[in-house]
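A.B. asks: give me a model of this one.
(chains A, B and C)
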Amino acid sequence: MSPIGTIHYLVVAAALFILGVIGVLTRRNVVIVLMSIELILNAVNLNLVAFSRIWGLHGQIFAIFVITDAAAEAAVGLGILIAFFRNKETVNIDEVDLLKW
Amino acid sequence: MAPVATTFFFYVLSALTVLSGVLVITRKNAVHSALALIVSLLGQAALYLMLYAPFVAGVQIILYAGGIMVLFLFVIMLVNIEKSQREDQFNKQWLVGLAAAIALGALFVLVYMKGRALFPDRAIQMPEQSNTQQVAVLLYGNYMFTFEIASLLLLVAIIGAVVMAKKRI
Amino acid sequence: MLDYITSYLSSDTTPGSAGNMFWAFVYIVLIFLGLSVAVIAMNWLERKILAHMQVRLGPMRVGPHGLLQPVADALKLLIKEDIMPSQADPFVFWVAPLIVVITSFTVFIVVPFGPSHAVTDMNIGVLFMLGVSSLSVLGIVMAGWASNSHYPLMGALRSSAQMVSYEIAMGLAVISAVLMTSLNKEGTGTLSMIGIVQAQQSQQVWFIFKFFPLGLIAFFIFAVAMVAETNRAPFDLPEAESELTAGFHTEYSGFRWSLFFLAEYSAMIAVSSIAVTLWLGGWMRPFPNALSGETWDLVFSLVPGLTFLFLAAMTFYSTARMPKHPYFKIQTIGLGGFGAVLALIAVVLFIPPVRDRIQDIFWFSAKVASSMYMYIWYRGTFPRYRFDQLMKVGWKVLLPLGIAVLVLTAVAGIVF
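C.D. replies: Numbers count the residues shown, from 1 in each chain, chains lettered A, B, ... in the order given. The predicted structure is shown next:
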């Protein structure tokens, strides 16, 4: 086996990214869609940290900010989910089809 | 510190991460999905350790696996209804979505093959013993403004989440 | 192969830093064994000390003075029937105690028993310990949810809300201590556990006494938060029997319950070791600089042996006071044998080579043991907090206090 280089980590990150995209595009449960978005953000983080190994620490700083951002977005997204669930009693994303209810 | 059995650990950890990722998007039960995501996040933290980034690994474990996933589990327990487990799990346009993802995958493969010369495999000398100190120097030096904006963003997110989830505004 | 093993013995770093997997494995096995013995001892000690604080005797029948009680408890738990509630999710029900146990045991790879007596010395030691112990909240949430019944679910929600709230106060107190490590002449601090104790060594003061009273208040915040973090009295509403019928581990029986119990005690030992490392000087003996020199070193190095000699003397005294009835013959012989073992350990600890090596480990363990005694003391003294009072203390008292201590420590560090 060749020694592990940057491209190996990039391939893993790409695989996670594609899995996250499939999750967002095909699942009906809102919570699982939000978790797939977290997968996408993680794939981006892995990419950043893999590149930071050859080009300096800036990638790691960016990754820390992405993690902070993901926390904020997860909190707000789940808040919206709770507000939505209180009205409609379903977690099916296909039911979010009215501009006002 | 001398790296030990790097190849073996890389393949095991990345297989674990990707396999848990597959489990996240295919499970019917949202709690199983959340558990698989936790495993994926912990596998990623280990991959960060292999990339000589211990601080990012520590932040990932505390914030992501220990904070965000607890939040997800709480909300899943709040909105978990048995009815959603017996419905269809994949929506009507799953085929189109899958095709789009495969096209994206092909794009990634193309970019990596063509641009392989652009990311050389030389690793710069990043001693693991002082990683936190170097990250701190950059974070509070060059990126001070970004740091303050991130804290403002978190404040906005806190207020937003509280307002969203309240019963009466 | 053999020189792979012996090459480590001459180095003065931890096995993890030296990359020596054999010795790392040996240290892991030693820590595992030590932790198991400590949990068993804690079980007996808690029941006896709590009983003596409540002016009664505690277990006296099972072995001499109840010494075999933990063995009897372990046997009972192992042979109990393994019940799973009917509508429970089997996979999550099975995995929840595993998560709690694994996270409680994994933190011990960075706990330093001496300058090179840790499994490894990570650059992010304290961050790792806090992060992995916050993963145990996940196990508790899953345990409560998977039991599919009201009391465990409420217990799990309350317990995890409490643990998450007090993690913030713990983090702030830890940051104050880490800030104190950066007050050396290069101006760089460290998050590594061994580095923090070495910073206390070079600054010649335990951080609990530094910038008095700031170190003391930070230690106090951490002490309160660590009791709440491990769900122990007086913050044990989520698992109190009169309130929630044992909370999140109601539906667990037999071996699975003992896993939760094991995880609770080892989490107590883990957060106590964080407190000892950050504020109480880790493995350093008391007064390393005020009372330094050859004679004082010799005096303090005799303390381990003297401690065990004192314990052996107490055991022999109890043996002499056993009832002089033929029914008690086996117990008297057993207690005498136990006293003889303690005396033997004391004699071994007086031999000079052993005496020099055991110093760091002994002082660290003694400080952690005194912290465990405080846990048991709190349980015997304080009434339980109601849940809203608990959350109020966590958010409205400890958090502002922690921020104030942090800011004042930073100011004191610049000014002095």
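A.B. asks: which residue packs closest to C:Met42, ignoring adjacent ones?
C.D. replies: The shortest distance from C:Met42 to any non-neighbouring residue, by CB to CB, 6 or more residues apart in numbering or on different chains, is to C:Tyr265 (5.1 Å). In short, each C-beta sits where N, CA and C put it, glycine included.
A.B. asks: where in chain B is the helix or strand with the lowest mean pLDDT?
C.D. replies: In chain B, no helix or strand scores lower on mean pLDDT, DSSP states H and E than helix B:83-86, which sits at a mean of 69.
A.B. asks: return the distance of stretch C:173-188 from the chain's centre.
C.D. replies: Computed by CA atoms, centre = their mean, to the nearest Å, the separation of stretch C:173-188 from the middle of its chain amounts to 24 Å.
A.B. asks: show the end-to-end separation of it, please.
C.D. replies: Its first and final residues considered, stretch C:173-188 spans 19 Å by CA to CA, to the nearest Å.
A.B. asks: got the contact list for that stretch?
C.D. replies: B:130, B:133, C:126, C:130, C:189-191, C:195-196, C:199-200, C:202-203, C:207, C:210-211, C:214-215, C:218-219, C:221-222, C:225, C:274, C:278-279, C:402, C:405-406, C:409-410, C:413 (CB atoms under 8 Å, 6 or more residues apart in numbering or on different chains).
A.B. asks: filter these by proximity to chain A?
C.D. replies: Among the contacts of stretch C:173-188, no residue sits close to chain A (CB under 8 Å from any CB of the partner chain).
A.B. asks: which members of these occur in helices, if any?
C.D. replies: Those of the contacts of stretch C:173-188 mapping onto helices are B:133, C:126, C:130, C:195-196, C:199-200, C:202-203, C:214-215, C:218-219, C:221-222, C:225, C:274, C:278-279, C:402, C:405-406, C:409-410, C:413, per DSSP state H.
A.B. asks: pull out the buried residues from the contacts of stretch C:173-188.
C.D. replies: Taking 16 or more other CB atoms under 10 Å in any protein chain shown as the criterion, what is buried in the contacts of stretch C:173-188 is B:133, C:126, C:130, C:189-191, C:195-196, C:199-200, C:207, C:210-211, C:214-215, C:218-219, C:221-222, C:225, C:274, C:278-279, C:402, C:405-406, C:409, C:413.
A.B. asks: give the other helices and strands that the host helix or strand of C:Val299 contacts.
C.D. replies: Element membership for C:Val299 (DSSP states H and E) is helix C:294-301. Counting by 3 or more CB pairs under 8 Å, 6 or more residues apart in numbering or on different chains; DSSP states H and E, the packing neighbours recorded for helix C:294-301 are helix C:352-381.
A.B. asks: list the helices and strands the helix it packs on packs on?
C.D. replies: Secondary-structure packing of helix C:352-381 (3+ CB pairs under 8 Å, 6+ apart): helix C:21-53, helix C:214-229, helix C:255-279, helix C:294-301, helix C:303-320, helix C:329-350.
A.B. asks: helix C:255-279 and the second one, what's the angle between them?
C.D. replies: Angle between the axes of helix C:214-229 and helix C:255-279 is 170 degrees (criterion: axes from the mean of the first three to the mean of the last three CA atoms, to 10 degrees).
A.B. asks: got the contact list for whichever helix or strand comes after the least confident helix or strand of chain B?
C.D. replies: As assigned by DSSP H and E, the chain's next helix or strand after helix B:83-86 is helix B:94-114. For helix B:94-114, contacts defined as CB under 8 Å, 6+ apart pick out A:Ile7, A:Leu10, A:Val11, A:Ala14, A:Phe17, A:Ile18, A:Val21, A:Ile22, A:Leu25, A:Thr26.
A.B. asks: so which of those residues comes closest to chain B?
C.D. replies: Chain B lies nearest to A:Leu25 out of the contacts of helix B:94-114, by CB to the nearest CB, at 3.1 Å.
A.B. asks: what is the burial count for the closest residue to that closest one other than its chain neighbours?
C.D. replies: Residue nearest to A:Leu25 in three dimensions, not counting chain neighbours: B:Gly97, with 3.1 Å by CB to CB, 6+ apart. Applying other CB atoms under 10 Å in any protein chain shown, we find 19 residues neighbouring B:Gly97.
A.B. asks: check B:Arg86 too.
C.D. replies: Neighbours of B:Arg86 using other CB under 10 Å come to 8.
A.B. asks: how far away is C:Met372 from C:Pro85?
C.D. replies: 34 Å (CB to CB, to the nearest Å).
A.B. asks: more neighbours: the two, which one.
C.D. replies: The neighbour comparison of C:Met372 against C:Pro85 (other CB under 10 Å) goes to C:Met372, with 20 against 16.
A.B. asks: so what pLDDT did the more buried one get?
C.D. replies: Listed pLDDT for C:Met372 reads 94.
A.B. asks: quick check: it touching C:Ala41?
C.D. replies: No - in terms of CB atoms under 8 Å, C:Met372 does not count as a neighbour of C:Ala41; the distance is 9.2 Å.
A.B. asks: what's the neighbour count on the closest residue to C:Val348 other than its chain neighbours?
C.D. replies: What sits nearest to C:Val348 in space, not counting adjacent residues and going by CB to CB, 6+ apart, is C:Val354, at 5.9 Å. By other CB under 10 Å, 14 other residues sit near C:Val354.
A.B. asks: same check on the one 10 residues further on?
C.D. replies: When neighbours are defined as other CB under 10 Å, C:Phe364 has 24 of them.
A.B. asks: what about the closest residue to A:Phe65 other than its chain neighbours, distance to A:Phe62?
C.D. replies: When the adjacent residues along the chain are set aside, A:Phe65 lies closest to B:Ala150, with 5.7 Å between them (CB to CB, 6+ apart). Distance from B:Ala150 to A:Phe62, counting by CB to CB: 11 Å.
A.B. asks: centroid residue for chain B?
C.D. replies: Closest residue to the average C-alpha location of chain B: B:Leu41 at 5.6 Å, with CA atoms, centre = their mean.
A.B. asks: element containing that one, please.
C.D. replies: helix B:30-50.
A.B. asks: off-centre distance for that helix?
C.D. replies: Worked out by CA atoms, centre = their mean, helix B:30-50 lies 8 Å from the chain centre.
A.B. asks: same deal with stretch B:128-141?
C.D. replies: From the chain centre to the centre of stretch B:128-141 is a distance of 22 Å (CA atoms, centre = their mean).
A.B. asks: can you point out the buried residues in that stretch?
C.D. replies: For stretch B:128-141, a neighbour-count test (16+ other CB under 10 Å) marks B:Glu128, B:Asn131, B:Thr132, B:Gln133, B:Gln134, B:Val135, B:Ala136, B:Leu139 as buried.
A.B. asks: mind checking how far the fourth one is from C:Gly334?
C.D. replies: Okay, so that is B:Gln133. Separation of B:Gln133 from C:Gly334 (CB to CB) stands at 55 Å.
A.B. asks: before we move on, what about the second one?
C.D. replies: B:Asn131 sits 54 Å away from C:Gly334, going by CB to CB.
A.B. asks: pull out the buried residues from the stretch of helix or strand A:Leu48 belongs to.
C.D. replies: Element membership for A:Leu48 (DSSP H and E) is helix A:30-55. Neighbour counts over helix A:30-55 (16+ other CB under 10 Å) mark A:30-54 as buried.
A.B. asks: please, where are all the helices along chain A?
C.D. replies: For chain A, the helices defined by DSSP H cover A:6-26, A:30-55, A:58-88.
A.B. asks: sketch out the low-pLDDT regions of the chain for me.
C.D. replies: Since no chain was named, I'll use chain A. Counting by pLDDT under 70, the ranges of chain A that qualify are A:1, A:101.
A.B. asks: please go with chain B instead
C.D. replies: By pLDDT under 70, the low-scoring segments of chain B are B:1-4, B:80-84, B:121-125, B:168-169.
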